[in-house]
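*Asks:* Below is the sequence, then the predicted model.
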Amino acid sequence: MGKKISGRGRVTVFRLVHMWTPRRVGIVAYASTGHFGTTAAVGYIPFPQIPDVSLLDVAARHHPAGLGDWRSPEPHVSEAYWVLCTASSSRIAMKPTSLDFLDAEWDLEVDGSVDLPKSMYSHTALRVGRFTLKDPELMRQAEGMLSEEDIPVMNAEDKPAHT
């Protein structure tokens with residue numbers, strides 16, 4: 001993995017159905033860091049029983065070029081805007097199953113980084129990757145968001161989950 005970034009502050013945790021066939025659900029966390037929160041940190045929370053989630057790949061499957069004024073010919077920029085829209089929407093219109101921790105410490109092992117040509121939701125950069133809440137109790141709460149139907153029957157095409 002790449003660089004690790006850390007922070008403390010508000011973290012919103014939400015379920016993301018990122019594949020329909022076969023059905024795959026991931027638990028995703030959204031936070032920000034940097035001066036005035038200009039860098040968004042959005043990552044999947046790893047659990048041994050579910051495959052990893054590449055958020056930029058998920059965004060690419062949603063064809064983010066349809067974002068109107070936010071589309072970009074630069075690599076991964078349209079995908080980054082899609083990830084930011086998804087994360088921000090999950091905070092603004094929070095589902096009853098989502099979690100919102102106002103003061104949590106976290107780490108993000110960065111596997112993707114995009115500097116944005118235009119600011120979105122006050123963010124000028126996006127970092128995606130493997131997100132960990134430092135408090136074990138908060139990690140247990142995040143894992144509690146998984147239902148039995150979210151645990152896939154692993155097959156040869158699935159990338160092994162982190163252990």
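*Replies:* Structure received.

*Asks:* The helix ranked longest in the chain: what's the following helix or strand?
*Replies:* Longest helix of the chain, by residue count under DSSP state H: helix 77-92. Later in the chain than helix 77-92, the nearest helix or strand by DSSP states H and E is strand 99-120.

*Asks:* Just name the shakiest helix or strand of the chain by mean pLDDT.
*Replies:* Lowest mean confidence among the helices and strands of the chain (mean pLDDT, DSSP states H and E): helix 55-61, at a mean of 89.

*Asks:* List the buried residues of that helix.
*Replies:* Counting neighbours by 16 or more other C-beta atoms under 10 Å, one finds that the buried residues in helix 55-61 are L55, L56, V58, A59. Where you see a C-beta, it was placed from the backbone N, CA and C, and this is true even at glycine.

*Asks:* right, and the pair among the residues you listed with maximum separation?
*Replies:* L56 and V58 (7.3 Å; C-beta to C-beta).

*Asks:* Mind listing the shared neighbours of those two?
*Replies:* Overlap of the contact sets of L56 and V58 (by C-beta atoms under 8 Å, 6 or more residues apart in numbering) consists of V83.

*Asks:* In terms of helices and strands, where is the spatially most central residue of the chain?
*Replies:* In the chain, the C-alpha nearest the mean C-alpha coordinate belongs to G43, at 3.2 Å (C-alpha atoms, centre = their mean). Per DSSP H and E, G43 falls inside strand 39-44.

*Asks:* Residues contacting that strand, please?
*Replies:* Taking C-beta under 8 Å, 6+ apart as the rule, strand 39-44 contacts 5, 7, 26-33, 52-53, 55, 83-84, 87, 106, 108-109, 121, 123-131.
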